[in-house]
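In: predicted model and sequence below, questions to follow.
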Amino acid sequence: MADKSSIEWTEATWNPVTGCTKVSPGCAHCYAETFAERFRDVPGHPYQRGFDLQLRPERLNQPLDWKRHRLIFVNSMSDLFHPDVPTEFIKRVFHTMVRADWHTFQILTKRSERLAELASQLPWPENVWMGVSVENQRWTSRIDDLRTVPAAVLFLSCEPLLGPLKLDLTGIHWVIVGGESGARARRMRPEWARSVRGQCQSSSVPFFFKQWGAHDEAGRHVGKKRSGRQLDQIIHDGLPRHHSNNGA
């Protein structure tokens, strides 16, 4: 059975790599690190080594055992294009995605330069979507790297959204926006989210509003559950036009 996910824009997670290191401001309060470090030094636990980067070759074939179609987020607990993940291991992950063609795989990276460098060495079947994280204007250069990738769906995750964004959405098929969760969460301002939504509407790009995070629209620290998913009283659940559930 697939590892079900509570992430609003996917259905399951697959982690052939776990652990990571910080690379930009969006990493500061990483949910995956917080989760993994709770179990550091717990004998026998999968996260006994906390958030240290680990290859998990025993998990490479997991999606082949999941018979019903799933939207699968690849490496929710890591970054596939981290410099410490060998190129040959990345190729093995892609080989599984090629074989498991009844699933749709969603990959998200902050290491866009390495993605662009390796893209020509990797297969890009229709069922593999590729995205980059863009938390503020400083990191919009990742979008230029993403555009060099021949994936059927190219997407942006603007989460946690930490500042206003002016985006070039040429060639982009989907945009996700969300605020930050947790006790130390930084507030996402409503005008930032509305601006991205407007840019998506102007460019006819599907828009997905994932969550407000710890702060609600008024800026009160109320927690993720209470802040909800409505932007101006609307739930935005846009998905790429390439998406189909294949009988899920």
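Out: It's in.
In: please report phi then psi for the residue nearest to the spatial centre of the chain.
Out: Central residue of the chain (C-alpha atoms, centre = their mean): Leu108, 4.2 Å from the mean position. Dihedral pair for Leu108: phi -130, psi 130, per degrees, to the nearest 10.
In: beta-bridge partners for it, please?
Out: Taking DSSP bridges as the rule, Leu108 bridges to Gly131.
In: same question, Asp3
Out: For Asp3, the beta-bridge partners are Thr13 (DSSP bridges).
In: how many neighbouring residues does it have?
Out: 16 (other C-beta atoms under 10 Å). No exception for glycine: its C-beta is placed from N, CA and C like everyone else's.
In: distance of it relative to Leu71?
Out: 12 Å (C-beta to C-beta, to the nearest Å).
In: any common contacting residues for these two?
Out: Ala12 (C-beta atoms under 8 Å, 6 or more residues apart in numbering).
In: strands of the protein, start to end?
Out: In the chain, the strands defined using DSSP state E lie at 3-4, 12-14, 17-18, 54-55, 71-74, 104-109, 128-133, 153-158, 174-178, 207-211, 230-231, 234-235.
In: what packs against the third one?
Out: Applying 3 or more C-beta pairs under 8 Å, 6 or more residues apart in numbering; DSSP states H and E, one finds that strand 17-18 contacts strand 54-55.
In: the strand it packs on - what's its average pLDDT?
Out: Average pLDDT, strand 54-55: 98.
In: what do you get for stretch 137-144?
Out: 98.
In: measure how far it is from the centre of its chain, please.
Out: 16 Å (C-alpha atoms, centre = their mean, to the nearest Å).
In: check stretch 188-203 too.
Out: 19 Å.
In: what does it contact?
Out: Residues from elsewhere that reach stretch 188-203, judged by C-beta under 8 Å, 6+ apart: 158, 160-167, 169-170, 172, 175, 177-180, 205-207, 209, 212-213, 215, 217, 231-232, 236, 238.
In: do that again at 6 Å, thanks
Out: 158, 161, 164-165, 167, 169, 175, 177, 179, 207, 217, 231 (C-beta atoms under 6 Å, 6 or more residues apart in numbering).
In: same check, this time on stretch 95-114
Out: 10, 23-24, 60, 63-64, 69-74, 79-81, 115, 123, 125, 127-133, 142, 145, 157.
In: buried members of these into PyMOL, please.
Out: In PyMOL syntax, the buried subset of these is picked out as below (16 or more other C-beta atoms under 10 Å):
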select buried, resi 10+60+63+69+70+71+72+73+74+79+80+81+115+127+128+129+130+131+132+133+142+145+157
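In: which residues touch the residue of the chain most remote from its centre?
Out: Distance to the chain centre peaks in the chain at Pro43, reaching 29.6 Å (criterion: C-alpha atoms, centre = their mean). Residues near Pro43 by C-beta under 6 Å, 6+ apart: none.
In: quick one: low-confidence parts of the protein?
Out: 1-2, 243-248 (pLDDT under 70).
In: mind doing that once more with 90?
Out: 1-6, 31, 182-183, 241-248 (pLDDT under 90).
In: now the closest residue to Asp232 other than its chain neighbours: how far from Glu180?
Out: Distances taken as C-beta to C-beta, 6 or more residues apart in numbering place Arg194 nearest to Asp232, at 7.2 Å, with adjacent residues excluded. Per C-beta to C-beta, Arg194 is found 18 Å from Glu180.
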